[in-house]
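**Student:** Kindly generate the corresponding structure for this input.
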Amino acid sequence: MGYETPMSLPPIIYSDDYLVVVDKPAGLLSVPGRGEANQDCVAVRVQAAFPDALIVHRLDMATSGLMVMARGKAAHRSLSMAFEARQVDKRYVAVVAGRMADDEGEVNLPLITDWPNRPRQMVDHDIGKPSLTRYRVLERLSDRTRVELEPITGRSHQLRVHMMAIGHSIVGDEFYASDEVRALSARLLLHAQFLRLPHPDTQQPVDYFSEVKF
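**Tutor:** Here you go, the predicted model:
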């Protein structure tokens, strides 16, 4: 049975006068895309309930999990600076193809947009931007591995390309997995599970958590 994207407001994990944290479903854009048919997105749905909510960061359309939106310009400035300064700790859970040999490690491969095939990204050691992902194995199954991923940098498709580059594409990935691995799931098995960030009012670290559904 195929995966269907919910049509309602994404679940609100937390909200106050400064921010809204939502649990984005897979298959929903973070921001409006091109054309009238691609206007539905997290931003539009959340702004219907919180008109002052502003986008701070994005998740890939195929990725589920935690997204934070700022309420008002001051909060937006504070959170945007925190993301730019890498003061935000992000952890994802993915199911990847094959059994990963090492319990933990890192992937340090520079990335750049594959322009003829965009939005795909690719590794480029000459002009790619520095990109670093840390990983930790959570569970090994017969033909796949459940892994925690921590992006130290925030490049587009970073986790997806890095996992593919070390021979362990994320299950269900329409861009980077083989036909066989893509067919194992109706959706991309990548979920933004944990966020720690400085609250825009107090600047004290706050944690948010979202349950993995796969």
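
**Student:** Quick one: neighbours of residue 90, just the number.
**Tutor:** Residue 90: 21 surrounding residues under other Cβ atoms under 10 Å. Placement of C-beta: from N, CA and C, glycine included.

**Student:** Let me know the secondary structure of it.
**Tutor:** strand (DSSP: H, G, I helix; E, B strand; the rest coil).

**Student:** just the helices in the chain please.
**Tutor:** With DSSP state H, the ranges of helices along the chain come out as 42-49, 73-84, 158-165, 179-182.

**Student:** Can you say which of the ones you listed is nearest to residue 29?
**Tutor:** helix 42-49 (7.0 Å; Cβ to Cβ).

**Student:** Only alpha carbons, please: show the closest one as PDB.
**Tutor:** Provided in PDB are the C-alpha atoms of helix 42-49 (Å, rounded to 0.1, in the frame of the first residue of the first chain):
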ATOM      1  CA  VAL A  42       4.300  23.400   5.800                       C
ATOM      2  CA  ALA A  43       4.700  27.200   5.800                       C
ATOM      3  CA  VAL A  44       1.200  27.900   4.300                       C
ATOM      4  CA  ARG A  45      -0.500  25.300   6.600                       C
ATOM      5  CA  VAL A  46       1.200  26.700   9.700                       C
ATOM      6  CA  GLN A  47       0.600  30.300   8.800                       C
ATOM      7  CA  ALA A  48      -3.100  29.600   8.600                       C
ATOM      8  CA  ALA A  49      -3.000  28.900  12.300                       C
END
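
**Student:** would you turn the helices of the chain into TSV with mean neighbour count?
**Tutor:** Shown next, in TSV, are these (neighbours: other Cβ atoms under 10 Å):
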stretch	mean neighbour count
helix 42-49	17
helix 73-84	16
helix 158-165	24
helix 179-182	14
